[in-house]
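Colleague: Here is a sequence with its predicted model. Questions after.
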Amino acid sequence: MVIIRFLNVFLIVGFEVIRLVLALCFHILFWKRLTLRSYFAKELPLICERLGGAFPKVGQILATRADLLPLDICEALSCLQDQVKALSPSTTKRILDKDTLSQNIQDVDFVPVASATIAQVHRGSRCDDSRQIALKVLRPNVQRTLESDCQIIQFFGQFIARLPAMQSIPVKEALKEASDILIGQTDFAREASNLKRLHALFSNSNDVLVPMLHEDLCTPEILVMEFIPGLRKLSDPALPEHIARQALTVGVRSLYSMIFKEGFIHCDMHPGNVLVAPDGRLVILDAGFMCQLDDSTRRSFAKFFLSIAFRDGSSAACIVRETAQCLPSNLNVRAFDDDITCLIKRVGGLRARDFQVAGFVGELFAIQHKHGIYGTNQFTLTILSLLVFEGVAKQRFPDLNFQQEAVPFVMAALAR
């Protein structure tokens, strides 16, 4: 299977490389303004789509890694969307019939509520008490397929890393991390554990709802949880403005609670995973992509946020250096600290409407790139979790004050 898939991918990539080179030569000859980097950014998402399998999903994950890849490439990859054909009803039924699960559920709607690369979700109910449930069904052989594709992706990544435009970027490391994240999302036992912990974290909240796991019905291929009807996206124009703003405020506070209180972070709070229930509560779905911070990183991140709030660029620069994976031997510490200080002083004085997490993160990572510094995975994923949620929040609530909302959580974390 791996060999056949590899040959197929090799042929597609070979064809795409030839087409890319010919098209690039044509553009350079007639327009002369197109660079290898810009053309590569334009074509990369199309190549991922044509390859299919894990490639579009890895592209989506890499689109969030502005710490490792140039912003133009991240922006290009962000257009990748899952357009996955649903499993046939007979295939879904065969999966449900395993481990006698079908004896405990009824009224399964074989038209999925959602269908993605790794799994699809169906609505049903329990036989014993008729409670409505959501069944997240893992696609057959998806783990083996993704593992094969990720091996192939990392193989080709070695050659991409040698391109002149990519030599200053840790491409291989980025692809390895994206592959690990993707394959990790096929581990339903781990996701079940994450979901239980996330549900317990907000069990006493009147504002946040996380679906309860039906652990007695779960199998390695099926995750069963509470079904919440009537969910609406925050981008829904029919959702009243005051409800959307309240939900988004609750969302950013919930994220800060995860970061600074628990160190257990939902890294994928995009529009499909953060919705509003009919009673106005914020609903957080999908615990497949979570990050656990150790105490040292959590405290460092709290100090970093406090330095932004108080416009203390020197402390922020020191924290970035201390939490980096490695520092170049020829690092100009003074120049790096000056660059970070200028950034912190500028964003620290911005109004809520003008402060953009995406803009700040982009400049922060650009400074790190300039000086050859790359942050630890934990620190970076924490920043990116905020970046993902900002994409949801700023559309409906541009005045949401990310800095101000963080302060009480930061102070409580440092006091502990």
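Modeller: Structure received.
Colleague: can you list contacts of the host helix or strand of Ala247?
Modeller: Ala247 belongs to helix 241-256 when elements are defined using DSSP states H and E. The set of residues that contact helix 241-256 without belonging to it, under Cβ atoms under 8 Å, 6 or more residues apart in numbering, is 202, 205, 207-208, 234, 265-266, 269, 274, 276, 280-282, 284, 385-386, 389, 392-393, 396-397, 400, 402, 405-406, 409. To be clear about C-beta, it is placed using only N, CA and C from the backbone, and glycine gets the same treatment.
Colleague: Let me know the distance separating Ala406 from Arg139.
Modeller: In this structure, Ala406 and Arg139 are separated by 38 Å, where distance is defined by Cβ to Cβ, to the nearest Å.
Colleague: is it fair to say Ile265 lies in a strand?
Modeller: Yes - following the definition DSSP: H, G, I helix; E, B strand; the rest coil, Ile265 is counted among the residues of a strand.
Colleague: per-domain residue ranges of this structure.
Modeller: The domain map for the chain lists 2-83+141-184, 230-416, with the assignment taken from automatic domain parsing.
Colleague: How far away from the center of its chain is the longest one?
Modeller: Same thing as domain 230-416. Mean C-alpha position of domain 230-416 versus that of the full chain (Cα atoms, centre = their mean, to the nearest Å) differs by 13 Å.
Colleague: Assign the residue most central in space within the chain to helix, strand or coil.
Modeller: By Cα atoms, centre = their mean, the mean C-alpha position of the chain lies nearest to Asp268, the distance being 4.1 Å. Using three-state DSSP as the criterion, the local structure at Asp268 reads coil.
Colleague: Surely it and Leu285 touch.
Modeller: No - under the contact definition of Cβ atoms under 8 Å, Asp268 does not touch Leu285, with a separation of 9.5 Å.
Colleague: related to what we said a few turns ago, mind checking which of the contacts of helix 241-256 are buried?
Modeller: Buried residues within the contacts of helix 241-256, defined by neighbour count using 16 or more other Cβ atoms under 10 Å: 202, 208, 234, 265-266, 269, 274, 276, 281-282, 284, 385-386, 389, 392-393, 396-397, 400, 402, 406, 409.
Colleague: Show me the residues you listed that map onto strands.
Modeller: Under the assignment DSSP state E, those contribute Val208, Ile265, His266, Val274, Val276, Leu282, Ile284 to strands.
Colleague: Could you export those to JSON lines, including columns for pLDDT?
Modeller: Compiled in JSON lines, those are given as follows (pLDDT from 0 to 100):
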{"residue": "Val208", "pLDDT": "95"}
{"residue": "Ile265", "pLDDT": "93"}
{"residue": "His266", "pLDDT": "93"}
{"residue": "Val274", "pLDDT": "90"}
{"residue": "Val276", "pLDDT": "94"}
{"residue": "Leu282", "pLDDT": "95"}
{"residue": "Ile284", "pLDDT": "95"}
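Colleague: out of those residues, which one sits closest to Thr145?
Modeller: For those, the closest approach to Thr145 (Cβ to Cβ) belongs to His266, at 26.0 Å.
Colleague: pLDDT weak spots in the protein?
Modeller: Judged against pLDDT under 70, the low-scoring parts of the chain cover residues 1-40, 52-54, 61, 64-69, 71, 78-84, 163-171, 349-353.
Colleague: three-state assignment of Glu147?
Modeller: Per three-state DSSP, the local secondary structure of Glu147 is helix.
Colleague: so it makes contact with Gly184?
Modeller: No - if you go by Cβ under 8 Å, Glu147 and Gly184 don't touch, sitting 11.3 Å apart.
Colleague: Between the two, which is the more surrounded one?
Modeller: Glu147 (16 against 13; other Cβ atoms under 10 Å).
Colleague: The closest residue to the more buried one other than its chain neighbours: which element?
Modeller: Leaving aside its sequence neighbours, Glu147 sits nearest to Ile183 (Cβ to Cβ, 6 or more residues apart in numbering; 6.0 Å). Applying DSSP H and E as the criterion places Ile183 in helix 171-184.
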